[in-house]
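Participant: only geometry, no sequence info:
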């Protein structure tokens with residue numbers, strides 16, 4: 001196991017290509033400042049360029065908070081020009097997780113509010129612990145969700161449920177979030193469950209998993225015929241890869257595959 005450190009965001013490399021991205025600004029409950037946004041972008045760039053990464057789990061170093069959203073204390077001193085200047089970097093920060101080519105899992109055991117909820121929504125899967133809470137309260141402070149919340153939440157849970165949460169700014173706990181479809185699993189140990197899920201993913205063909213995600217993600221806004229064409233293209237990318245050859249060989253030899261991975 002090897003570790004590398006980035007300011008405010010820690011990258012811990014585990015076994016089988018699993019990476020834990022730790023939001024690590026505990027003194028501010030991981031509020032997203034300009035510097036933390038830059039750290040998220042840097043972490044995303046590093047992981048996207050690494051073909052050895054197979055799954056990413058996003059966690060927090062704070063026991064009571066996943067992330068409480070934008071750093072309003074920092075913004076309180078901003079001029080309009082400061083806010084405009086910050087915006088492009090913040091947009092890149094929230095896309096840093098969404099644009100990763102491998103499966104991503106948010107392990108939320110604490111407050112995921114505003115931009116923190118949006119960071120979780122940027123992941124493919126969300127696992128909630130017993131102390132998890134979620135909200136997009138931006139309209140209560142005079143803005144709207146700007147880290148993808150209006151789009152990602154609506155796609156995840158549907159228009160009316162997303163409208164309920166965004167228009168009222170109300171907070172929901174893990175069980176209600178699960179009923180709404182906002183989270184995928186509610187367990188006692190969110191981090192442990194998410195890491196176990198990532199380890200399972202990490203044992204599968206990295207080429208297959210990446211192409212499956214690309215087909216699923218790319219097909220969201222396509223017609224069914226266009227989506228099936230995209231699936232076919234990704235099937236060809238996988239079927240004629242070294243991973244497929246190794247998978248068939250390992251099956252015949254009754255052993256665990258030694259995946260070549262993306263090249």
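Facilitator: Received the coordinates, thanks. Just so it is clear, the structure is predicted and the values come from calculations on it, not from any experiment. Residues are numbered from 1 along each chain as shown.

Participant: Looking at the chain, which helix is longest?
Facilitator: Ranked by residue count, the top helix of the chain under DSSP state H comes out as helix 80-98.

Participant: Let me know the next secondary structure element after that one.
Facilitator: Moving toward the C-terminus from helix 80-98, the next helix or strand (DSSP states H and E) is strand 104-108.

Participant: who does that following strand pair up with?
Facilitator: strand 55-60 (parallel), strand 125-128 (parallel) (DSSP bridges).

Participant: Which pLDDT value does the model give the nearest residue to residue 16 once chain neighbours are set aside?
Facilitator: Leaving out its chain neighbours, the residue that sits closest to residue 16 by C-beta to C-beta, 6 or more residues apart in numbering is residue 202, at 3.4 Å. Heads up, the C-betas are built off the backbone N, CA and C, glycines and all. Looking at residue 202, its pLDDT is 96.

Participant: To what extent is residue 202 buried, counted in neighbours?
Facilitator: 22 (other C-beta atoms under 10 Å).

Participant: got a list of what it touches?
Facilitator: Neighbour list for residue 202: 15-18, 54-55 [criterion: C-beta atoms under 8 Å, 6 or more residues apart in numbering].

Participant: quick one: it from residue 150, how far?
Facilitator: To residue 150, residue 202 is 33 Å away according to C-beta to C-beta, to the nearest Å.

Participant: If you count neighbours, what's buried in stretch 218-228?
Facilitator: 219, 227 (16 or more other C-beta atoms under 10 Å).

Participant: Identify the residues contacting that stretch?
Facilitator: Contacts of stretch 218-228 (C-beta under 8 Å, 6+ apart): 155, 215, 230-231.

Participant: export the residues you listed to TSV and tack on pLDDT?
Facilitator: Below are the contacts of stretch 218-228 laid out as TSV (pLDDT from 0 to 100):
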residue	pLDDT
155	96
215	98
230	98
231	97
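
Participant: Off-centre distance for stretch 21-29?
Facilitator: Distance of stretch 21-29 from its chain centroid, counting by C-alpha atoms, centre = their mean, to the nearest Å, is 16 Å.

Participant: Can you check the distance spanned by it, start to finish?
Facilitator: Chord length of stretch 21-29, first to last residue, is 16 Å (C-alpha to C-alpha, to the nearest Å).

Participant: ok, and for that stretch, which residues are buried?
Facilitator: Buried-residue list, stretch 21-29, by 16+ other C-beta under 10 Å: 21-25, 28-29.

Participant: do stretch 29-42 as well
Facilitator: For stretch 29-42, burial by neighbour count (16+ other C-beta under 10 Å) applies to 29-34, 36-42.
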